[in-house]
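Trainee: Sequence first, then the predicted structure:
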Amino acid sequence: MHRRRFLASSLAASASAAVAPARALTGEKERISGREYYLLRRYDLRSGPQVKLANQFFPDAFIPAANRLGITPIGVFNLVLGPQTPALYVLLPSASLALLANLDAHLESDPEYLRAGANFLNAPAASPAYMRMESSLMVAFKGRPRLQLPPPTAERQPRTFELRTYESPSERDHRRKIEMFHSGEFDIFRRAGFWPVFYGDTLVGSRMPNLTYMLAFQSLAERDKLWKAFGSSPEWKNLTHSPQFDFEAIVTNVTNVILRPASYSQI
């Protein structure tokens, strides 16, 4: 079996297995509630030819092909602050879990994609297109079921993004942290002035259980100002000291990276 097809099939099976317990707990109504799924990929690159090749492949081949499948908008982001630069993050939202789980198999049946992306897809082992790729598959939070574009995106104005991942020590604590977002944290972010992009509960990925969300703002200086407003909010202080969420450490590790969109990013 072709390696990519095998991986796609394995991911689909893993995703189905991960989603099944949630469906059993929440019922059919939850399953059809309109929540999106997110596939997030990180490509670790080496400076030089790999960066150039990636910045040809994604706008010329990958994004058009994924758009033809109905996956839109697609975000491609350069890592600004975080480990192992250079790196590209690619965010793909879809209402279809099966489409994201089998994305590579769908793309391989697109002749235009194969033609436009040939240099990247057929790169030899001696000169690979990228060093490593990691991915995670998420489902949107119930209270924020769809990705939202930040206002500057429509006019291609400058914008910066922060991608944050929260790891919890147990499934119970993980669920409690998600509940915390629904109990007021969403609104505190908005009142502080952030532009929330998406909130995702990881179904398949590393270092689980965890959740990942993305915020947008105009600049790093603006980010510092917004986080200060968030941290000093009386609503945030009350929420964090609530017995419902303050009974133990429900988050044991936070990873955050700062990203800027590639010129061709749709987010």
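Mentor: Nice, thanks for sending it over. None of the values given here were measured: they were computed from a predicted structure. Residues are numbered from 1 along each chain as shown.

Trainee: C-alpha from now on. contacts and neighbour counts both.
Mentor: Will do.

Trainee: Against W195, how distant is G184?
Mentor: Noted for G184: a distance of 16 Å to W195, by CA to CA, to the nearest Å.

Trainee: just K52 next, same as before
Mentor: 30 Å.

Trainee: ok, those two, which is more surrounded?
Mentor: Neighbours were counted for K52 and for W195 using other CA atoms under 10 Å; W195 has more, 19 against 12.

Trainee: May I have the residues that are in contact with that one?
Mentor: 150, 189, 215-217 (CA atoms under 8 Å, 6 or more residues apart in numbering).

Trainee: Let me know the pLDDT of the closest residue to it other than its chain neighbours.
Mentor: The spatial neighbour of W195 that comes closest, neighbours along the chain excluded (CA to CA, 6 or more residues apart in numbering), is A216 at 4.9 Å. As predicted, A216 sits at a pLDDT of 97.

Trainee: May I have the residues that are in contact with A216?
Mentor: Counting by CA under 8 Å, 6+ apart, the residues that A216 touches are 150, 159-162, 194-197.

Trainee: from what I can see, it looks like it's in a helix, true?
Mentor: No - assessed with DSSP: H, G, I helix; E, B strand; the rest coil, A216 is strand; it does not lie in a helix.

Trainee: Roughly how far does it sit from M133?
Mentor: From A216 across to M133, the span is 24 Å (CA to CA).

Trainee: Then L53?
Mentor: From L53 to M133 the distance is 15 Å (CA to CA).

Trainee: More neighbours: the two, which one.
Mentor: For L53 and M133, the more surrounded residue by other CA under 10 Å is L53, and the numbers stand at 17 against 13.

Trainee: residue contacts, the more buried one?
Mentor: 119-120, 129.

Trainee: quick revisit: nearest to L107 among the contacts of W195?
Mentor: P150 (28.2 Å; CA to CA).

Trainee: Can you show me the helices along this protein?
Mentor: 3-31, 49-57, 63-68, 97-101, 103-107, 111-116, 118-121, 171-180, 186-192, 220-231, 234-240 (DSSP state H).

Trainee: Single out the most deeply packed of these.
Mentor: With neighbours taken as mean count of other CA atoms under 10 Å, the helices of the chain reach their highest mean count in helix 97-101, at a mean of 21.

Trainee: any idea how far that helix is from the chain center?
Mentor: Relative to its chain's centre, helix 97-101 lies at 14 Å (CA atoms, centre = their mean, to the nearest Å).

Trainee: what pLDDT, on average, does that helix get?
Mentor: Mean per-residue pLDDT for helix 97-101: 97.

Trainee: on contacts alone, who are the packing partners of it?
Mentor: helix 3-31, strand 37-44 (3 or more CA pairs under 8 Å, 6 or more residues apart in numbering; DSSP states H and E).

Trainee: Report the rounded mean pLDDT for the first one.
Mentor: This points to helix 3-31. Mean predicted confidence for helix 3-31 is 43.

Trainee: From what I see, A116 and D60 are in contact.
Mentor: Yes - applying CA atoms under 8 Å, one finds A116 in contact with D60, separated by 6.3 Å.

Trainee: now T252, nearest residue through space, not along the chain?
Mentor: Spatial nearest neighbour of T252, excluding adjacent residues (CA to CA, 6+ apart): S168 at 5.4 Å.

Trainee: List the contacts of that neighbour.
Mentor: S168 touches 174, 208-210, 250-253, counting by CA under 8 Å, 6+ apart.

Trainee: Great, nothing more from me.
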